[in-house]
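>>> Any chance you can model this:
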Amino acid sequence: MNALEELPPSWRVTRAVNREPEAPHLATQVIGDQCLADLARPGMRVTIAFTDATRACPDERLVGSLLSELDRCGVAPDHITLICATGLHRPSTPAERIAKLGTAIVSRYRIIDHNALDPGGLVDLGTIDGIPLLINRLCVETDLLLATGVVEPHQYAGYSGGAKTVVIGCGGEATISATHGSAMLDHPGTRLGAIDGNPFQAFVRAGGERAGLRYVVNAILGDTGEPLLIAAGPPALVHDYLVGRARAIYEVPVAQPVHIARAGVDGPKAVNLYQASRAATYLALAERTPLLPGAPILLPAPIPEGAGEGAGERRFFDVLSNAASPQQLLDHLRRTGFPAGAQRAYILAQVLVHHPIIVVGAHHPDVVRACHMHAVPDMAAGFALADRLARATFNLAPNAPLEFLDVPHALLTLPRLTPTG
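Alright, predicted model coming up:
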């Protein structure tokens, strides 16, 4: 899917790639003046929240480092619970647990999937700025709460990581719904790449503190999923440190606006349309996007799970597929609101009113078409369709030059229009 030899000869290519550090710092850097040994004691009950299968987070390494340190502190394995932060996604499978954590961890420790829909498994921690904070009981009723995460561009949080694995990944449906509703998503501060003035990020940080999250280990990943930097310490300090480093890696200048783009999506994000569509929305809705209004977006993604199998994914598909058009859906949802999961339909509809999306190689093309997008079998067909759509939109002659932006890893790259001269 990365080969460009089938491109029409009139397309002029700009390739947006991450600027990875020359020498990745693979040793975990402790941020702040407190290490895990200062917090953990023998006899403590410890809960570790880790990311689910939709996150390409090296949890075997990150969780493993926490478990090794807890062992040195005298915390027994039967006092430790690992909770998979599924949010409103489906539960993890045995194979996914092993892929995430490794056989040694899975066979030795208690592992629980979070259930955002189970009232008995949640604790109500009140509200923060009017938003209800419900967190998994195992996270709250413990002596020490820890979490893993990956710091990468995020549509709402600006950058993921920090306390998000606990506050959203282990949050109740009411918390997820409120933080993913139209009032939050329409706030000018809730933007991809934004931290300061971002109400979503502010809630995540305050919620983590109230829930008692004391210590996290987070990573920045390269294009192939390998960790480039790992940091541990208090959630906000770790997040601030890694966001600063992530900006230099993920935010890439682009010199001219483009008529067509390809948003590459890898690994777990390509498993269903709910996740894969993030690549298109990241590219189109980013601050200073290089996309011209009307530019088609090519989205290569096999989506073997179709729209997705979790409660949130099913809501996404139901809301989007039942809408007469993306614009009608936006108007309707702004009047009525929407449940958690449907926010992905709301965000995607904002893109679809301006940009046709062409999903390439989908195993379920009917799902794609039901969601107001084009489905084509291969990249050659995608290039041909994008060429026709762009020339019609921009009223360009058959051989007139087209500017094409190739973003191989769209979830880890923020192209910024930065004209030179």
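>>> tell me which helix or strand of the chain sits lowest on mean pLDDT?
Using mean pLDDT, DSSP states H and E, strand 25-30 stands out as the lowest-scoring helix or strand of the chain, at a mean of 80.
>>> quick check, distance from the following helix or strand past it to the centre of its chain.
Counting by DSSP states H and E, the element after strand 25-30 in chain order, helix or strand, is strand 46-51. Its chain's C-alpha centre and that of strand 46-51 lie 18 Å apart, by C-alpha atoms, centre = their mean, to the nearest Å.
>>> Then stretch 235-244?
17 Å.
>>> Then stretch 143-150?
Relative to the chain's own centre, stretch 143-150 is displaced by 18 Å; criterion: C-alpha atoms, centre = their mean.
>>> same question, stretch 256-272
Distance, stretch centre to chain centre, for stretch 256-272: 13 Å (C-alpha atoms, centre = their mean).
>>> From one end of it to the other, what's the distance?
One end of stretch 256-272 sits 32 Å from the other (C-alpha to C-alpha, to the nearest Å).
>>> residue contacts, the spatially most central residue of the chain?
Nearest to the mean C-alpha position of the chain, by C-alpha atoms, centre = their mean, lies residue 154 at 5.4 Å. By C-beta atoms under 8 Å, 6 or more residues apart in numbering, the contact list for residue 154 reads 160, 164, 192. In this view, the C-beta of every residue, glycine as well, is placed from N, C-alpha and C.
>>> residues contacting the nearest residue to the last one once chain neighbours are set aside?
It refers to residue 192. Excluding the flanking residues, the one nearest residue 192 by C-beta to C-beta, 6 or more residues apart in numbering is residue 286, at 4.9 Å. Taking C-beta under 8 Å, 6+ apart, we find residue 286 in contact with 153, 192, 193, 414, 415, 416.
>>> can you do 7 Å?
Applying C-beta atoms under 7 Å, 6 or more residues apart in numbering, we find residue 286 in contact with 192, 193, 414.
>>> Can you read off the pLDDT for it?
Residue 286 carries a pLDDT value of 84.
>>> mind starting the numbering at 521 from now?
All right, first residue 521 from here; so that's residue 806.
>>> Show me what the longest strand along the chain is packed up against.
Across the chain, the longest stretch assigned as strand under DSSP state E is strand 733-741. Applying 3 or more C-beta pairs under 7 Å, 6 or more residues apart in numbering; DSSP states H and E, we find strand 733-741 packed against helix 579-592, strand 664-670, strand 747-753, helix 755-770.
>>> contact partners of that strand?
548, 556, 559, 576-578, 582, 585-586, 664-672, 681-683, 686, 747-755, 758, 762, 765-766, 769, 932.
>>> And that strand, how far out from the chain middle?
Relative to its chain's centre, strand 733-741 lies at 15 Å (C-alpha atoms, centre = their mean).
>>> in its sheet, what does it sit against?
Sheet partners assigned to strand 733-741 using DSSP bridges are listed as strand 664-670 (parallel), strand 747-753 (antiparallel).
>>> Could you export the last one as CSV, CA atoms only?
The C-alpha coordinates for strand 747-753 follow below in CSV (Å, rounded to 0.1, in the frame of the first residue of the first chain):
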residue,chain,number,x,y,z
PRO,A,747,9.2,3.0,21.3
LEU,A,748,11.3,6.0,20.7
LEU,A,749,11.0,7.5,24.2
ILE,A,750,9.7,6.1,27.5
ALA,A,751,9.0,8.2,30.6
ALA,A,752,7.6,7.4,34.0
GLY,A,753,6.4,9.5,36.9
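>>> Quick check: mean pLDDT of that strand?
The pLDDT scores in strand 747-753 average 94.
>>> what sits up against that strand?
Contact partners of strand 747-753, identified using C-beta under 7 Å, 6+ apart, comprise 540-541, 544-546, 548-552, 554, 578, 735-742, 758, 761-762, 765.
>>> relative to helix 755-770, how tilted is it?
Strand 747-753 and helix 755-770 meet at an angle of 160 degrees, taking axes from the mean of the first three to the mean of the last three C-alpha atoms, to 10 degrees as the criterion.
>>> Please identify the deepest-packed of the helices and strands packed on strand 733-741.
Among the helices and strands packed on strand 733-741, strand 664-670 has the highest mean neighbour count (mean count of other C-beta atoms under 10 Å), at a mean of 28.
>>> how near is the residue nearest to the centre of the chain to residue 771?
With distances taken as C-beta to C-beta, to the nearest Å, residue 674 is found 13 Å from residue 771.
>>> now the end-to-end length of stretch 878-885.
Start-to-end, stretch 878-885 (C-alpha to C-alpha) is 11 Å.
>>> pretty sure residue 865 belongs to a helix, no?
Yes - counting by DSSP: H, G, I helix; E, B strand; the rest coil, residue 865 is found in a helix.
>>> where's residue 694, which helix or strand?
Using DSSP H and E, residue 694 maps to helix 693-699.
>>> do residue 594 as well
Counting by DSSP H and E, residue 594 is part of no helix or strand.
>>> go on, residue 819?
Here residue 819 is assigned to strand 817-820, by DSSP H and E.
>>> average pLDDT across that strand?
Averaging pLDDT along strand 817-820 gives 98.
>>> Equivalent analysis for stretch 923-941, please.
Stretch 923-941 shows a mean pLDDT of 87.
>>> With just CA atoms, put that stretch into CSV.
In CSV, the C-alpha atoms belonging to stretch 923-941 read as follows (Å, rounded to 0.1, in the frame of the first residue of the first chain):
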residue,chain,number,x,y,z
GLU,A,923,-0.7,18.3,-5.7
PHE,A,924,-0.8,15.1,-3.8
LEU,A,925,0.1,14.7,-0.1
ASP,A,926,1.1,11.2,1.0
VAL,A,927,0.9,10.7,4.8
PRO,A,928,2.1,7.1,5.4
HIS,A,929,1.3,7.2,9.1
ALA,A,930,-1.6,9.7,9.4
LEU,A,931,-2.3,8.9,13.1
LEU,A,932,1.3,9.8,14.0
THR,A,933,1.8,12.7,11.7
LEU,A,934,0.3,16.2,11.8
PRO,A,935,1.0,18.0,8.5
ARG,A,936,0.9,21.8,9.0
LEU,A,937,0.5,24.1,6.1
THR,A,938,3.6,26.3,6.4
PRO,A,939,4.2,28.2,3.1
THR,A,940,7.8,29.1,2.5
GLY,A,941,9.1,32.5,1.3
